[in-house]
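Asks: got a predicted structure plus its sequence, pasted below:
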Amino acid sequence: MPGHVHVVDDDAAFRTAIERRLKKAGYEVATYPSAQHLLDRLPSEIEPGCILLDVRIPGLSGPELQGRLSELGSTLPIVFLTGYPDVSATVRAIKAGAEDVLTKPVSSDELLHAIEQAIAHHEATRGLKNKLDVVRAHIAALTPREREVFELVIRGQTNKQVANALGATERTIKAHRHRVMEKMQVRSLAELVSLAERVGVLRDMSDKRQTG
């Protein structure tokens, strides 16, 4: 499976060797001598990819770059490379979302397997993100009144209860509810609730009630 691999390592000879190895395997490769270089040229996520990142690099370290990318909302999986195996550091990296931690020197088979897994993971993540973006766009297309009906319905209220809450007739609420279902492209209440949970609408509503 093709994809983009972004190699961050301060060792020029290592970058050259890795780039040659990965291009031979069919990957597009970009190399960066430091974490800051990657941040200055933030990789696009239009196509599947991953970051091959040295743990110990001058300036911003590998784990620090991992944290910065997470703050920026990057979903590119990170495969760490280290010449100094450290169990606690490995555990921390994995807990923070790293795809894998490999020890130098790494065999071609091990490296290519880790990259293949990371890129497959990124492709799945991108697919899910695209679906959730579509759901959010559908919610944004609701009118203010439809949004009110949507929020009450997904909390389990009946048409009659929604009508009472909004000071409308039950017939009007039925019409609004029908339009909500059409705009959200769902056929059942269960689907509607499921979508609301996936994009965090129910959680956001719960947070507002607690702080309100």
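Replies: Happy to help now that I have it.

Asks: run through the neighbouring helices and strands of the longest helix seen in the chain.
Replies: Criterion DSSP state H: the longest helix present in the chain is helix 108-140. With contacts taken as 3 or more Cβ pairs under 8 Å, 6 or more residues apart in numbering; DSSP states H and E, helix 108-140 sits against helix 12-24, strand 49-54, strand 78-82, strand 100-103, helix 170-184, helix 189-198. C-betas here are computed from N, CA, C, even on glycine.

Asks: would you list the ones you listed in a markdown table and tack on distance to His121?
Replies: As requested, these are exported to a markdown table (distance: least, Cβ to Cβ, whole Å):
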| stretch | distance to His121 |
| --- | --- |
| helix 12-24 | 17 |
| strand 49-54 | 8 |
| strand 78-82 | 10 |
| strand 100-103 | 10 |
| helix 170-184 | 28 |
| helix 189-198 | 19 |
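
Asks: can you redo those as TSV with distance to Lys160 and mean neighbour count?
Replies: Below are those laid out as TSV (distance: least, Cβ to Cβ, whole Å; neighbours: other Cβ atoms under 10 Å):
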stretch	distance to Lys160	mean neighbour count
helix 12-24	62	14
strand 49-54	52	26
strand 78-82	52	23
strand 100-103	54	19
helix 170-184	6	16
helix 189-198	15	15
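
Asks: Asn130: which of these is closest?
Replies: Checking the helices and strands packed on helix 108-140 against Asn130 by Cβ to Cβ gives helix 189-198 as the closest, at 12.7 Å.

Asks: what angle do the closest one and helix 108-140 make?
Replies: Compare the direction of helix 189-198 with that of helix 108-140 by axes from the mean of the first three to the mean of the last three Cα atoms, to 10 degrees and you get 120 degrees.

Asks: what comes into contact with helix 189-198?
Replies: For helix 189-198, contacts defined as Cβ atoms under 8 Å, 6 or more residues apart in numbering pick out Leu132, Val135, Phe150, Val153, Ile154, Val180, Met181, Met184, Val186, Leu202, Arg203.

Asks: and the fourth one, what element?
Replies: According to DSSP states H and E, Val153 maps onto helix 144-154.

Asks: and the residue nearest the centre of the protein?
Replies: What sits nearest the mean C-alpha location of the chain, by Cα atoms, centre = their mean, is Thr75, with 4.4 Å.

Asks: helix, strand or coil for that one?
Replies: coil (DSSP: H, G, I helix; E, B strand; the rest coil).

Asks: where in the chain is pLDDT low?
Replies: 1, 203-212 (pLDDT under 70).

Asks: that older thread, out of the contacts of helix 189-198, which are buried?
Replies: Among the contacts of helix 189-198, those buried by neighbour count (16 or more other Cβ atoms under 10 Å) are Val135, Phe150, Val153, Ile154, Val180, Met181, Met184, Val186.

Asks: thank you kindly, that will do.
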